[in-house]
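# The following block contains a protein sequence and its predicted model.
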Amino acid sequence: MSDRIVGAEVILTSPTRNFVTLKVTTDDGVVGYGDATLNGRELAVASYLRDHVAPLLIGRDARRIEDTWQYLYRGGYWRRGPVTMAAIGAVDVALWDIKGKTLGQPVYQLLGGAVRDRVLGYTHATGWELPALLDSVRERTERGFQAVRAQMGVPGLDTVYGVFRDARAYEPAGRGAAPVEEVWDTDAYLRAAPEVLAGLRAEVGPELKLLHDAHHRLTPQQAARLGRALEPVDLFWLEDVTPAENQEALRLVRRHTTVPLALGEVFNTVWDCQRLVTEQLIDFVRTCVSHAGGISHLRRILQLAELYQVRGAPHGPSDVSPVALGASLHVGLATPNFAIQEYMGYDPLVHEVFPHAWAYADGHLTPGDAPGIGVGLDEELAARFPYEPAYLPVARRRDGSMTDW
Ligand code: CS2
Ligand code: MG
């Protein structure tokens, strides 16, 4: 038994939406999977892995997870960035999967064992106006959710990202050769959001954890105003108020409001998080296992965050595949300052393509006790759904200029 890597294959599949999966095989026939999905830029990561990483993996010792991470990160010269870090993340998760399978242990046991019994989850509720939003929230609480992200429509706009007038098929990435263009109006949003969220809180009572995502669209001053206006709603968090590049903005927001702030789903490394964490400008760091360099690097981010009482709350929309969700839950079960896991949920077909040991019950998620990550890939079924170009929408202001995402 030598644990040499003999195969590294990239598998693209689109069971209702696109996923990129790395499959690593050892000479003992052990297979590990990692998620390399980067919404709307899938082929870039697939090429990075196929053309530049897979050839370097062949012959390496699959047990040397940290060394492989260092080799790909430091050795690549061009560090950081979503494409690079998603690729490294996929390798890292696949190697943890292999290690767990080889040792016959679920990965959380290899990370020090469970520090909690289950991981709190939150899901998405959406409704154009308060009554529809309330119905959507109630449907989620009836399924046991104790934490719900609530997104509402904006009067005067036809569409709002993440809010669906017909909530049956909720998938933000639309298939097609180019993104759909939406119109966005920040002033109208700032009038609507506090009113709808206050109305929602009045209806659902004090206990339900309510979250809201502003999708990086506000200026620091607008964000401060919104935070202050939302204080009576007692949000669990207000997410992505300003674009993540201007980290100084959060200082201004903090000066004016005590609303808990979450940020970082677009971050890829501990260096992206460093300032917001060490200066305590956020309460929750949203980096996810697939986009931030895998289990090894997410742990590093969360360990830095722990020193500053910042808690982990990884991204988990439909573009984070069931493989990454499983990996995140192993980290969640074994990491003290892991607060909550986003769980948007998947189409039934996605559950079939990626059979998994992780499970949802009663508002919580557990990774399961299968060796490794505990998520497989039905390759035959996956092959029936080839990749199709799909993009998140983009938004322009009323004057035609592009908004921030
Ligand atoms: C959102 C996502 O889940 C979230 O918090 O911000 O819908 C996000 O916009 C997409 O996953 C981007 O790929
Ligand atoms: Mg978000």
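That came through fine. This is a predicted model, so every value here is computed, not measured. Ligands and ions are numbered 1, 2, ... in the order given.

# Isn't residue 208 up against residue 140?
No: applying CB atoms under 8 Å as the test, residue 208 and residue 140 come out as separate, 9.3 Å apart. From N, CA and C alone the C-beta is placed, and that goes for glycine too.

# Find the residues that touch each one of these two.
residue 148 (CB atoms under 8 Å, 6 or more residues apart in numbering).

# and residue 187, how many residues sit next to it?
11 (other CB atoms under 10 Å).

# Would you check how far apart it and residue 218 are?
Distance of residue 187 to residue 218, given as CB to CB, to the nearest Å: 11 Å.

# try residue 228
13 Å.

# what do you get for residue 42?
Taken as CB to CB, the span from residue 42 to residue 218 is 29 Å.

# so, in contact with ligand 1 or not, the helix or strand containing residue 97?
Assigned by DSSP states H and E, residue 97 belongs to helix 82-103. No: on the criterion CB under 6 Å from any ligand atom, helix 82-103 is out of touch with ligand 1, staying 10.2 Å away.

# Would you mind checking the average pLDDT for the next helix or strand after that helix?
The C-terminal neighbour of helix 82-103 among helices and strands, as given by DSSP H and E, is helix 107-110. Taken as a whole, helix 107-110 carries a mean pLDDT of 99.

# Which of the three states applies to residue 33?
strand (DSSP: H, G, I helix; E, B strand; the rest coil).

# In contact with the most centrally placed residue in the chain, which residues are there?
Nearest residue to the geometric centre of the chain (CA atoms, centre = their mean): residue 315, 2.1 Å. Counting by CB under 8 Å, 6+ apart, residue 315 makes contact with 265, 286, 287, 288, 291, 342.

# Close to ligand 2 as well: tell me which of these qualify.
With CB under 5 Å from the ion as the criterion, those include residue 265 near ligand 2.

# Ligand 1 next: which of the contacts of residue 315 are close?
265, 342.

# from the contacts of residue 315, which ones fall inside strands?
Taking DSSP state E, the ones among the contacts of residue 315 that sit in strands are residue 342.

# Out of the contacts of residue 315, flag the one nearest to residue 253.
residue 286 (15.8 Å; CB to CB).

# And that closest one, how far from residue 36?
From residue 286 to residue 36 the distance is 19 Å (CB to CB).

# More neighbours: these two, which one.
A side-by-side neighbour count of residue 286 and residue 36, using other CB under 10 Å, places residue 36 first with 33 against 25.

# Check the gap between that one and ligand 1 for me.
Separation of residue 36 from ligand 1 (CB to the nearest ligand atom, to the nearest Å): 14 Å.
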